[in-house]
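Peer 1: this one's structure only:
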């Protein structure tokens, strides 16, 4: 592995940045990038490069060429026409720029393989860590880096957190960025890497494996370029942190489409999926699943076992969730001890059947939830709690949420919420999620996520035992 | 089939309603029901019954007993304690009330089978169409009937339309009512039928089969009481309109839970699912799937075949959607004719590969979409269109939506949207949906829904041929 491939700090935590192709015209990519950079609040040194340079663009000092800047540049963001990219990158090399993001498209993905090869050649010659071409670049909220050329009013603002995304597709990445705002986790790094001419998934996984700010990795892949190295880094990172992966192009029609998107060559998906699973990766088949899994891994402690207990104020939702749990391969329903059953019988009204799922009734208020949860907190046979609240019912309100948050802080076990509904419900969902409780809007999504959580920690334990023995 | 079971018009289109157990106290069920009835704007005759009656409650004339009302009553809504239900129902019989909804719970679902049997006995004796007990009742927006005892500020308001819901679970039903507001279809009837002591799924399906205001039926079932009759009505309704069904209690753990919820006795789920499929029912396994399917059936014409074409401004989303389509059992990707390919090549920029999926580029604006769609509208090899718009990109705005709506009006084929994102996206999703385009937030959900649509119309065609031959 070459140096230019592994040191991504220059790209993600740069002390100085030059935007090459910065433009005065508001609808040009080079303008939007510069504007977004300013919006993000980047506090390092910022330069604009425009070959017809005037003294400044958007108040940023502008140069005709990167060679005219006296100081060292950590990152160059390149948004010039495809044909001009090689010469611009060559100048970056001469200026000893450490890393570069090539936003521009029009390379291997439309058959311009030669032009892309030139980029690789220059990157190797000057030892530049190059991301792209044909990508959106990076977002690093802690260092306030945002190279996306997307209008900010179209995206909700992400929260800062510990989930990192790598995405070969720019738009998929931006879509995910947009919906993070509605999810119960925050962003550590976002890296859109497009055609992966130089830096590829192997390099990025390697970097994120050692990144202290990354607790969970989510990857959207279209192709795997270096099979052998991928297997190696996958096995290593799988033991360190959860990786959630979606591979686009898993059908033959899909893989043809992927080729015309990022020039990716499809492997055999079955082989790829088995590599993922052997590495402990959690495999998603839809974008929504990526986020469902990211949420539970970001927030939940390691479960001690696979026994699930369900509390609900909606009988039907309890039944559907029981079905969903029983339909997974690795979860089962917890059985309450006699003692717990008796204690629950004492505090619950007659109309409540003492069983799992525990339907506390459509008229349940915070007191009912609290009474049940305080007893259930002490039950050893439960490994994972699912708490369903249908906020359409009369007694369900913010105080119920408070009871649940208090409970979550008492038990050192995964606590998962399920709730379904519009505005009133959504507000309470956010309350729970901001207290670190992953909340799902479907029993199936909750069950699949819990199943993945249990599967991953079992995987780790088994491999640990193999290593020891 | 007895008369008391089939004439549901008295319940859903009543000319006069009595709320029995109406209360002055705001937190009592009988108060909330009366209040919601008034809120709904019901224009028929409304009476309140309270055994300690004062002259009026909430301005509604109040009687001590239904026997004191001189006029004929179409519907009695009963919200008195369980033990008092039989005598109240007996009075309804004597007063020649045509239909009754028993909201009260505490019957067979907690082992009080005898008390429930009394209800059945009285219903048969007086020929009353009884819904419940242990249910939420009905919503009929056209006749402005709403018997739900749910605080209105907790639910978004449903739109009026042509999808009818029957739900054995009250809370599942109310949850669905709440989220309809965010979906691309409206409500015809909502019927929560609880323990199904008298009126059951067979009666309700029979009624909705002949209801002109119902285009699509969605059913949440926990048990099927009369197998033989169910098979008969199912086969009949399946040929008339699409029925989407979810059966809770399909695992053994789930069916035990269902028994303690609505006293339902589980059948063998595999047998049940095969009955559903033989009847042309679309089987869902999660609440979200119910709504996904309802939406496409409510809005889409019969597809002429199974060939899908995808237009997208996000390459990755195009690849994932292609994967999702290719992963279904019955859909395939359309192949463009030479002529269409040439025409597209003329108007699309060089960077666009002319293929399926057609990635019009991350910089596509309404003109680009419009140019492509106008050519694609004339392509005979396409049966179903999927149009993906990622609104995070610079060119995607309301004008793109207008192009799509115009296109939808030109082609007499299913047009399905996919978009994923937060506020800006959601606003545009609603624009599309209000023009009758079903929009999904996941490629998988879209593909599954299209697959169900094609499957159902194929089923109908095949059975039609069988009948003819």
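Peer 2: Yes, it's here. Being a predicted model, the structure only gives us computed values, none of them experimental.
Peer 1: next one: phi and psi at residue A:300?
Peer 2: Here is the backbone geometry of residue A:300 (degrees, to the nearest 10): phi -100, psi 140.
Peer 1: What's the separation between the closest residue to it other than its chain neighbours and residue A:84?
Peer 2: Distances taken as CB to CB, 6 or more residues apart in numbering or on different chains put residue A:414 closest to residue A:300, at 4.0 Å, once the chain neighbours are dropped. Where C-beta positions appear, they are placed from N, C-alpha and C, glycine not excepted. Going from residue A:414 to residue A:84 by CB to CB, to the nearest Å gives 52 Å.
Peer 1: Neighbour count: these two, which is higher?
Peer 2: Set residue A:414 next to residue A:84 and count neighbours by other CB atoms under 10 Å in any protein chain shown: residue A:414 wins out with 24 against 14.
Peer 1: Next one: that one relative to chain B, how far apart?
Peer 2: 19 Å (CB to the nearest CB, to the nearest Å).
Peer 1: Who are the packing partners of the top helix by length along chain A?
Peer 2: With secondary structure taken from DSSP state H, chain A has its longest helix at helix A:443-468. With contacts defined as 3 or more CB pairs under 8 Å, 6 or more residues apart in numbering or on different chains; DSSP states H and E, the packing partners of helix A:443-468 are helix A:227-240, strand A:282-283, helix A:287-299, helix A:315-326, strand A:384-388, strand A:415-418, helix B:287-299.
Peer 1: pLDDT of that helix, averaged?
Peer 2: Across helix A:443-468, pLDDT averages out at 95.
Peer 1: near chain B, which residues of the stretch 201-350 of chain A?
Peer 2: The stretch 201-350 of chain A comes close to chain B at residues A:220, A:222, A:246, A:248-254, A:256-258, A:260-262, A:285-288, A:313-320, A:322-327, A:333, A:350, as judged by CB under 8 Å from any CB of the partner chain.
Peer 1: Please parse chain A into its domains.
Peer 2: Here the domain assignment for chain A is A:1-136, A:155-299, A:301-458, based on automatic domain parsing.
Peer 1: Adding distance to residue B:268, write those domains out as JSON lines.
Peer 2: Shown next, in JSON lines, are these (distance: least, CB to CB, whole Å):
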{"stretch": "domain A:1-136", "distance to residue B:268": "52"}
{"stretch": "domain A:155-299", "distance to residue B:268": "29"}
{"stretch": "domain A:301-458", "distance to residue B:268": "15"}
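Peer 1: Point out the one among the ones you listed that comes closest to residue B:107.
Peer 2: Residue B:107 sits nearest to domain A:301-458 of all the domains of chain A, at 10.5 Å, using CB to CB.
Peer 1: tell me how far the ends of that closest one are from each other?
Peer 2: Chord length of domain A:301-458, first to last residue, is 13 Å (CA to CA, to the nearest Å).
Peer 1: hmm, back to that, for residue B:365, find the nearest of the helices and strands packed on helix A:443-468.
Peer 2: Nearest of the helices and strands packed on helix A:443-468 (CB to CB): helix A:287-299, 24.0 Å.
Peer 1: so where's chain A uncertain?
Peer 2: A:1-6, A:264-266 (pLDDT under 70).
Peer 1: Please enumerate the helices of the stretch 301-450 of chain A.
Peer 2: Ranges of helices within the stretch 301-450 of chain A are A:315-326, A:338-347, A:366-376, A:398-410, A:423-434, A:443-468, based on DSSP state H, counting those that start in this stretch.
Peer 1: export the ones you listed to CSV and tack on mean neighbour count and distance to residue B:96?
Peer 2: Shown next, in CSV, are the helices of the stretch 301-450 of chain A (neighbours: other CB atoms under 10 Å in any protein chain shown; distance: least, CB to CB, whole Å):
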stretch, mean neighbour count, distance to residue B:96
helix A:315-326, 29, 34
helix A:338-347, 14, 44
helix A:366-376, 19, 41
helix A:398-410, 18, 44
helix A:423-434, 18, 41
helix A:443-468, 18, 44
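Peer 1: Return the residues in contact with residue A:415.
Peer 2: By CB atoms under 8 Å, 6 or more residues apart in numbering or on different chains, the contact set of residue A:415 is A:300, A:384, A:385, A:387, A:404, A:407, A:408, A:437.
Peer 1: Likewise for residue A:235?
Peer 2: The contact partners of residue A:235, by CB under 8 Å, 6+ apart, come to A:278, A:279.
Peer 1: again, only this time at 6 Å
Peer 2: residue A:279 (CB atoms under 6 Å, 6 or more residues apart in numbering or on different chains).
Peer 1: Would you check that residue A:22 makes contact with residue A:48?
Peer 2: Yes: at 3.6 Å, residue A:22 and residue A:48 qualify as touching, with contact defined as CB atoms under 6 Å.
Peer 1: Find residues that contact each of those two.
Peer 2: residue A:57.
Peer 1: Give the helix, strand or coil label for the closest residue to residue A:420 other than its chain neighbours.
Peer 2: Spatial nearest neighbour of residue A:420, excluding adjacent residues (CB to CB, 6+ apart): residue B:175 at 4.8 Å. The three-state label given to residue B:175 by DSSP: H, G, I helix; E, B strand; the rest coil is helix.
Peer 1: neighbours around the residue of the stretch 51-200 of chain A found nearest chain B, how many?
Peer 2: Evaluated by CB to the nearest CB, the stretch 51-200 of chain A has residue A:169 as its residue closest to chain B, separated by 2.6 Å. Number of residues near residue A:169 (other CB under 10 Å) recorded here: 31.
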